[in-house]
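Asker: Got a predicted structure plus its sequence, pasted below:
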There are 2 protein chains.
Amino acid sequence: MINFTVGPVQSSDAVRSIGAEQVPYFRTSEFSEIMLENEALIKKFAKSGEESRAVFMTCSSSGGMETAIINTLTSQDKALIVNGGSFGQRFVELLALHKIPFTEIHLEHGKALKPEHLAPYEKQGYTTFLVNKHETSTGVHYDINLISDFCKRNHLFLIVDCVSTFLTDPFNMKELHADIMITGSQKALACPPGISVLVLSPRALERIKKTKCCCQYLDLQLALKNQERGQTPWTPAVGILRQINVRLKEIDTHGGVESEIAKTADLANYFRRKIKDLPFEIVSESLSNCVTPLHPKTCSAHELFIKIKDEYGIWICPNGGDMKDTVFRVGHIGHLTYTDYDKLIAAFKDLQKKGFI
Amino acid sequence: MINFTVGPVQSSDAVRSIGAEQVPYFRTSEFSEIMLENEALIKKFAKSGEESRAVFMTCSSSGGMETAIINTLTSQDKALIVNGGSFGQRFVELLALHKIPFTEIHLEHGKALKPEHLAPYEKQGYTTFLVNKHETSTGVHYDINLISDFCKRNHLFLIVDCVSTFLTDPFNMKELHADIMITGSQKALACPPGISVLVLSPRALERIKKTKCCCQYLDLQLALKNQERGQTPWTPAVGILRQINVRLKEIDTHGGVESEIAKTADLANYFRRKIKDLPFEIVSESLSNCVTPLHPKTCSAHELFIKIKDEYGIWICPNGGDMKDTVFRVGHIGHLTYTDYDKLIAAFKDLQKKGFI
């Protein structure tokens, strides 16, 4: 199978060979070293500055989003959320569950965030801003500079879901004054799913110190305390953390985050040029390098997903809910090559010839 | 390295070969089938009955313990907990955090649970009993029949941490009237860590339906709803779930849970016979087949752990806290053979010859 979904994605041979090894015992100085190296490299790639910290939680990225909220926000906060799809909606549900007062900025699917969307909320007593930098469900990449400027002017605590765009689009956590960055092991980190990574600014660390977390398993005070010596409070997904280590070092050796972003942009552009003659419409006003969201004008998106899986051995990324039949996505993260895209384009053209699309 | 810890443990070649594969996309009927098969086999091995359910959470077993508590207990409950070591203490901390009223039955490290420990709590209005069937930190295996009888007489909801004894010692969930059984992927399941498994009785399912869970990520209503079709609400550790599938089928093919228990008991007995002449003392009144807890009479347990790791390429299992220097453990779970134990015994004898122990 060739995998063009947005996670789990294809891993490099080096990452997979770690998967074949026995998982080592982890309450050792050897494993601590790996964890401290992971923290240092994640901070380097997030450009979060020396005073920031990073932790690795054994959970999904949705678990990471909840972890961020329950460790830094309280009912005394007043939050602003961009809600333009399933992941914006997830932030909304989490704030409602945890009784954090909030206002949603609703965006139609596919629409970019513009200054006029933020204007009504200037100097309105908000304390916090939550955004999915890339709303992965619709493939809309929000203008993080616009958001950052708004937050700086209004002194807002800024939580950024970078789950699908860490390593695919520029992000300078310190310059943007972002306070929490969330990502996951199975996106551009191209490791198996199971680990969520949180990078925390000094301001986030201050908030964590003062917040009583309602869940022991997701308690960042405990995670941070243990990570000081490269450990975790509970048995983590040791195998995946070792794979992340190999992958971070691969990136570091091959030119760092800039060259990883350039590689992803290149694959995205290659694919986008090649589909010009196909009956697909790009449905996002603002694209990330991570994924191309497409509306197939002549068939059901979900049927296309099934057809291309069963008959061509290729996974494209289906959508759920309202978009199930109207939108599918093609990812540009993980271990992919031009040849993989050529095969996908050939499959589309074959289906076009057969009258399916 | 040879690994005699109690997790992560050694995996079979078949499990490791899955670790080397690309992780597949999972919102597919193919992955759903694996998950439904996993649920059926776990229920079969737990002997939990047709009406029970099983779910797979991407978290540690401590996350599984918290999941059990926050989805079934409320401040209206009155809980009884056996606290004889670190994992009993973990239940205590979790109940305190979640404001569930409780009473602890304190046991000295190494001591078995006896009828007189339970006698004072007959007909005292308790609603719930929580126990680590095997207190893994001290290697004490509590008498689950004694506990079960007490719970049946007093109509208690029974939560059992079987993390280290699932597949190593007999457990018949339905006959025992146990309501929640918790285990983890990295113990006798012998897969990488990252997944906690919960088996739920009909009575547990009733409680879950009525309980508002305080954490979205660990919400069992959502997990159960999704698992009906073999899916999960959030991206799970797909790779580990596929490894669990291979391992469960291995067990099923090779005689099921009984022969897995017999194999573990055999390894435990082999090791326990061989150490008779060494200056070690077994420090538990009631052993599980899972592990042998030992007090080295002539050296520091932690120094022995380091020595045998660095000089012989063998991990024994260190203890933390008060027991750091006085107790180490030797596990009997995972892919181990007589030959592995012979090497461990040879290392001990060599250290004895050198005057280290």
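Answerer: Perfect, I can see it now.
Asker: Next to chain B, which bits of the stretch 251-357 of chain A? Give me the list.
Answerer: Proximity of the stretch 251-357 of chain A to chain B is confined to A:309, A:315, A:317, A:318, A:320 under the rule CB under 8 Å from any CB of the partner chain. C-beta coordinates here come from the backbone N, C-alpha and C atoms, glycine included.
Asker: What about those, which are in strands?
Answerer: Taking DSSP state E, the ones among those that sit in strands are A:315, A:317, A:318.
Asker: Tell me the one of the residues you listed nearest chain B?
Answerer: Within these, the smallest distance to chain B is 4.4 Å, found for residue A:315 (CB to the nearest CB).
Asker: Quick one: residues contacting the closest residue in space to that closest one that isn't next to it in sequence.
Answerer: Distances taken as CB to CB, 6 or more residues apart in numbering or on different chains place residue B:25 nearest to residue A:315, at 4.4 Å, with adjacent residues excluded. Residue B:25 makes contacts with A:1, A:3, A:5, A:8, A:315, A:317, B:31, as judged by CB atoms under 8 Å, 6 or more residues apart in numbering or on different chains.
Asker: quick one: contacts for the nearest residue to the fourth one once chain neighbours are set aside?
Answerer: In space, residue A:8 comes closest to residue B:23 once its chain neighbours are excluded; the distance is 4.0 Å by CB to CB, 6+ apart. In this structure, residue B:23 makes contact with A:8, A:11, A:186, A:192, A:193, B:238, B:239, B:242, judged by CB under 8 Å, 6+ apart.
Asker: Neighbour count added to the residues of the stretch 251-357 of chain A next to chain B, as CSV?
Answerer: What follows is these, written out as CSV (neighbours: other CB atoms under 10 Å in any protein chain shown):
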residue, neighbour count
A:309, 18
A:315, 24
A:317, 25
A:318, 22
A:320, 11
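Asker: Report the buried members of the contacts of residue B:23.
Answerer: Among the contacts of residue B:23, those classed as buried by 16 or more other CB atoms under 10 Å in any protein chain shown are A:8, A:11, A:186, A:192, A:193, B:238, B:239, B:242.
Asker: Test my guess that the fifth one contacts residue B:240.
Answerer: No. Using CB atoms under 8 Å, residue A:193 and residue B:240 do not qualify as a contacting pair, with a distance of 9.1 Å.
Asker: got a list of what residue A:79 touches?
Answerer: Contacts for residue A:79 (CB under 8 Å, 6+ apart) come out as A:73, A:95, A:100, A:101, A:102, A:103, A:126, A:127, A:128, A:129, A:130.
Asker: again, 7 Å this time
Answerer: Residue A:79 is in contact with A:73, A:95, A:100, A:101, A:102, A:126, A:128, A:130, counting by CB atoms under 7 Å, 6 or more residues apart in numbering or on different chains.
Asker: and residue A:277, that's in a strand?
Answerer: No. Under DSSP: H, G, I helix; E, B strand; the rest coil, residue A:277 sits outside any strand and is assigned coil.
Asker: So residue A:326 versus residue A:174, what's the distance?
Answerer: 39 Å (CB to CB, to the nearest Å).
Asker: Just to check, residue A:138 is in contact with residue A:291?
Answerer: No. If you go by CB atoms under 7 Å, residue A:138 and residue A:291 don't touch, sitting 9.8 Å apart.
Asker: Between the two, tell me which one has more neighbours.
Answerer: Neighbour count, other CB atoms under 10 Å in any protein chain shown: between residue A:138 and residue A:291, residue A:291 has more, with 30 against 26.
Asker: Show me where the stretch 151-300 of chain A has its strands.
Answerer: Assigned by DSSP state E, counting those that start in this stretch, the stretch 151-300 of chain A shows strands spanning A:157-161, A:180-184, A:196-200, A:280-282, A:291-296.
Asker: who's in contact with residue A:331?
Answerer: By CB under 7 Å, 6+ apart, the contact list for residue A:331 reads A:4, A:5, A:6, A:9, A:290, A:291, A:317.
Asker: So which residue is dead centre in chain A?
Answerer: In chain A, the residue lying closest to the centroid (CA atoms, centre = their mean) is residue A:163, at 1.1 Å.
Asker: now that residue, nearest residue through space, not along the chain?
Answerer: Closest residue to residue A:163 apart from its sequence neighbours, by CB to CB, 6+ apart: residue A:61 at 4.4 Å.
Asker: Now do the same contact list for that neighbour.
Answerer: Residues near residue A:61 by CB under 7 Å, 6+ apart: A:163, A:182, A:183, A:184, A:196.
Asker: Could you check how far it is from residue A:70?
Answerer: Residue A:61 is 15 Å from residue A:70, where distance means CB to CB.
Asker: again with residue A:20
Answerer: Residue A:20 sits 36 Å away from residue A:70, taking CB to CB as the criterion.
Asker: who has more neighbours, the two?
Answerer: A count of neighbours by other CB under 10 Å puts residue A:70 above the other of residue A:20 and residue A:70, at 25 against 16.
Asker: In this structure residue A:294 contacts residue A:326, no?
Answerer: No. Counting by CB under 7 Å, residue A:294 stays clear of residue A:326, with 9.8 Å between them.
Asker: Neighbour count: the two, which is higher?
Answerer: A direct count of neighbours by other CB under 10 Å for residue A:294 and residue A:326 places residue A:294 higher, at 25 against 16.
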